[in-house]
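Trainee: Curious how this folds, go ahead:
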Amino acid sequence: MTTTHAISRGLMEVLAYKTAAQIVLALEECEPDLRAVALELFEQLQGDLDPEAAQATTALLAEILFPNADPSGAIGLDLAEAEAIAFAADPSAGPILKHMDRQEATFAERLREAMEAKGVTQSELAAKIGVGQPAVSMMLQRACRPQRKTVEKIAAALGVPAAELWPS
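Mentor: Got it, this is the predicted structure:
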């Protein structure tokens, strides 16, 4: 190993530890409930997540640990806020946003009904599809818009066609 290679490897290790230190300190500063969610997400990252799920999990961790808080202290950008920004940027997006809102409402209602019919709790569904219970709760409360892959995983876990959950 060359001296230059050893130095750059050493610098990379130092940077990795500095990054880890920032994460640990941010985790320490979290409210207990957010810390519990973050730890659960870290555990999920150790599992066999597909690249899309790993990226979504990492993004959620980043929001929890390094929040871009709005004036009320809420973490991240609210879905309604994001839609308002989209509408302000392009008013012609209004009908599309209304359609998306109806889809999300229908999905949340159908998901709740399917879970009740199958006797599946939020925690059980979360475990079956490889996400945390808070993610299922957020979908039911329409606080997030699930990706197509997630809807397909939920449908498979509940033994129903994806089209039965997500309106076309």
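Trainee: Break this protein down into its domains, please.
Mentor: Under the assignment named as automatic domain parsing, the residue ranges that make up the domains of the chain are 1-68, 77-168.
Trainee: hey, least reliable of the ones you listed by pLDDT?
Mentor: Across those, the stretch with the lowest average pLDDT is domain 1-68; it has a mean of 78.
Trainee: any idea which of the domains of the chain is most buried?
Mentor: When those are scored by mean count of other C-beta atoms under 10 Å, the highest mean neighbour count falls to domain 77-168 (a mean of 15). Backbone N, C-alpha and C define where each C-beta goes, glycine included.
Trainee: That one: how far from the chain's middle?
Mentor: Domain 77-168 has its average C-alpha position 12 Å from the chain's average C-alpha position, going by C-alpha atoms, centre = their mean, to the nearest Å.
Trainee: Likewise for stretch 57-65?
Mentor: The gap between where stretch 57-65 is centred and where its chain is centred comes out at 8 Å by C-alpha atoms, centre = their mean.
Trainee: now stretch 18-27
Mentor: Relative to its parent chain, stretch 18-27 has a centroid offset of 20 Å by C-alpha atoms, centre = their mean.
Trainee: Likewise for stretch 12-21?
Mentor: Mean C-alpha position of stretch 12-21 versus that of the full chain (C-alpha atoms, centre = their mean) differs by 25 Å.
Trainee: Tell me where the longest helix sits in the chain.
Mentor: Criterion DSSP state H: the longest helix present in the chain is helix 3-29.
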